[in-house]
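>>> need coordinates for the below:
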Amino acid sequence: MDPHLLPRADRELWRGFLTWSGDVTAAVGRDLATHSRLSVQDMEILGRLWERDGRLDQQELQSWLRWSASRLSHQLTRMSERGLLRRETAGSGRRMVVSLTPAGLEQTTAAIPHLADAVRRHFLADLSEAQKALLRALVAPE
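Below you'll find the predicted structure:
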């Protein structure tokens with residue numbers, strides 16, 4: 001076997017992970033859509049803002065999300081056009097601050113319980129405590 005290729009078991013693990021994560025994200029998105037006009041991507045941003053009292057530096061948000069600057073900018077523009085948030089310059093240079101609007105706060109607050117229920121149902125419900133601990137160690141190392 002070519003040493004540059006993944007062994008079959010590792011390829012299957014990788015593909016299984018992609019399928020599983022895509023299925024979970026899609027299921028959470030469908031549940032969220034039945035209760036709000038917000039997407040999973042919207043909630044990734046709105047939830048971070050909500051946790052930080054409605055205001056966050058755009059670069060810090062980008063760092064947390066690990067999205068490209070372009071992807072984040074386009075998403076923020078769409079959300080701003082929908083009245084969920086606003087971006088404004090902060091000080092000198094190109095530094096931007098993102099903040100929730102009253103409508104954004106209202107929609108986020110209403111959607112959070114539905115998001116939590118969907119995450120519990122589609123992601124956490126099938127995991128044992130040992131599996132959750134292993135995932136935490138892999139994706140959220142301290």
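>>> from here on, just use CA atoms for contacts and neighbour counts.
Fine.
>>> and the helix or strand harbouring residue 34, what does it pack onto?
Using DSSP states H and E, residue 34 sits in helix 8-35. Under the contact criterion of 3 or more C-alpha pairs under 8 Å, 6 or more residues apart in numbering; DSSP states H and E, helix 8-35 touches helix 40-51, helix 102-119.
>>> got the ones you listed as CSV, with mean pLDDT, mean neighbour count and distance to residue 140 columns?
Shown next, in CSV, are those (pLDDT from 0 to 100; neighbours: other C-alpha atoms under 10 Å; distance: least, C-alpha to C-alpha, whole Å):
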stretch, mean pLDDT, mean neighbour count, distance to residue 140
helix 40-51, 96, 18, 16
helix 102-119, 97, 17, 17
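>>> okay, those helices in CSV with distance to residue 25 next?
Output for the helices and strands packed on helix 8-35, formatted as CSV (distance: least, C-alpha to C-alpha, whole Å):
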stretch, distance to residue 25
helix 40-51, 8
helix 102-119, 9
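>>> where in this structure is pLDDT low?
Within the chain, the segments meeting pLDDT under 70 span 1, 93, 141-142.
>>> and the contacts of the host helix or strand of residue 60?
Per DSSP H and E: residue 60 is located in helix 58-65. With C-alpha atoms under 8 Å, 6 or more residues apart in numbering as the test, helix 58-65 has contacts from 44-45, 48, 68-69, 72, 95-98.
>>> please identify the buried residues of the helix holding residue 34?
By 16 or more other C-alpha atoms under 10 Å, the buried positions in helix 8-35 come out as 24-25, 27-29, 31-33.
>>> that older thread, pull the most distant pair out of the contacts of helix 58-65.
44 and 95 (20.7 Å; C-alpha to C-alpha).
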